[in-house]
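>>> What follows is a protein structure lacking sequence information:
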């Protein structure tokens, strides 16, 4: 048997397939849920990176998501929500300031799931964001974050799920 050929095949499979594999949980009941504590959000997006950062509000709190997507004329519409977070957790920190954290290598490398997400999918990663009105309290913003994470269970979001759901999810990791 030519073990070198098997090793080459395995290494090629890891490079091409395994390192890009991530699990998604798509629960129909949770996707159909409509209790978010807010009537609607006006989402905008920019490709991951410095380009377009001026389009992210520098004076508004809000919610954001990192989404893998690649739109063109051939692929059907698709988006994979990888992570959901908020800007303004018990502060007035703006969406743009929070986004800058994800452009800072020293901050990203301390969060292994986020580092993997950015390191692996940066070329097809988009930063989606929705500013909220000043009347939205920090508690309401945190509840919205938890509700969206509970509905979508993004693979790179870990802490912002209901405790019972987080425990059940860990059973499959």
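Looks like it came in fine. Everything numeric here is computed off the predicted structure, so don't read it as measured data.
>>> what about the nearest residue to residue 62 once chain neighbours are set aside, distance to residue 4?
In space, and not counting its chain neighbours, residue 62 is closest to residue 131: 4.2 Å by CB to CB, 6 or more residues apart in numbering. No exception for glycine: its C-beta is placed from N, CA and C like everyone else's. Counting by CB to CB, to the nearest Å, the gap between residue 131 and residue 4 amounts to 56 Å.
>>> quick one: which of these two has more around it?
Each of residue 131 and residue 4 has its neighbours counted (other CB atoms under 10 Å); residue 131 has more, 22 against 8.
>>> before we move on, back to that, tell me the contacts of the residue nearest to residue 62?
Under the criterion of CB atoms under 8 Å, 6 or more residues apart in numbering, the neighbours of residue 131 are 42, 57, 60, 61, 62, 95.
>>> Try it again at 10 Å.
Under the criterion of CB atoms under 10 Å, 6 or more residues apart in numbering, the neighbours of residue 131 are 41-44, 56-57, 59-64, 87-88, 94-95.
>>> how many other residues sit next to residue 166?
Using other CB under 10 Å, the number of residues around residue 166 comes to 16.
>>> That one contacts residue 172, correct?
No: proximity of residue 166 to residue 172 does not meet the contact threshold set by CB atoms under 10 Å, at 11.7 Å.
>>> so residue 143 sits in a strand?
No: the assignment for residue 143, made by DSSP: H, G, I helix; E, B strand; the rest coil, is helix rather than a strand.
>>> Strands along the protein, start to end?
Taking DSSP state E to define them, one finds strands in the chain at 44-47, 62-68, 80-87, 125-131.
>>> and stretch 52-66, how far from the chain's centre?
14 Å (CA atoms, centre = their mean, to the nearest Å).
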